[in-house]
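A.B. asks: Fold the following.
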Amino acid sequence: MYYLQYRGGDIGYVKTDKIADTHLTTTHIHLYPDDFTYGLAYGMARHWLPSDTRFKVYYDEKVPRRDMSGDVTIIHVAW
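C.D. replies: Presented below is the predicted three-dimensional model:
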């Protein structure tokens, strides 16, 4: 789990879980909008996975996102 700080204040966290060898989820509770965190997940996958790796980044459809009045945003990264 990675706790986020901004000017000395706690603004939330990001938690990563390994679902399988080629599937991770990140759970987000923080100030930033969902599309921003989606973009970060996509950029990280594109940067750190080998260049010929096909991958998919998507929101968890079973859990309402924070931008849609949910409590958390869950993003899946699978390759």
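
A.B. asks: going forward, measure contacts and count neighbours with C-alpha atoms only.
C.D. replies: OK.

A.B. asks: so how far is the longest strand belonging to the chain from its chain's centroid?
C.D. replies: With secondary structure taken from DSSP state E, the chain has its longest strand at strand 9-20. Its chain's C-alpha centre and that of strand 9-20 lie 8 Å apart, by Cα atoms, centre = their mean, to the nearest Å.

A.B. asks: now the helices for the protein?
C.D. replies: Residue ranges of the helices in the chain, as given by DSSP state H, are 34-48.

A.B. asks: Just the buried positions in the longest strand of the chain, please.
C.D. replies: Along strand 9-20, these residues count as buried under the neighbour rule (16 or more other Cα atoms under 10 Å): residue 14.

A.B. asks: Mean confidence (pLDDT) on that strand, please.
C.D. replies: Averaged across strand 9-20, the pLDDT comes to 87.

A.B. asks: when you give positions from now on, start the count at 741
C.D. replies: New numbering, starting at 741: the last item is strand 749-760.

A.B. asks: and the angle from that strand to helix 774-788?
C.D. replies: In terms of direction (axes from the mean of the first three to the mean of the last three Cα atoms, to 10 degrees), strand 749-760 departs from helix 774-788 by 50 degrees.
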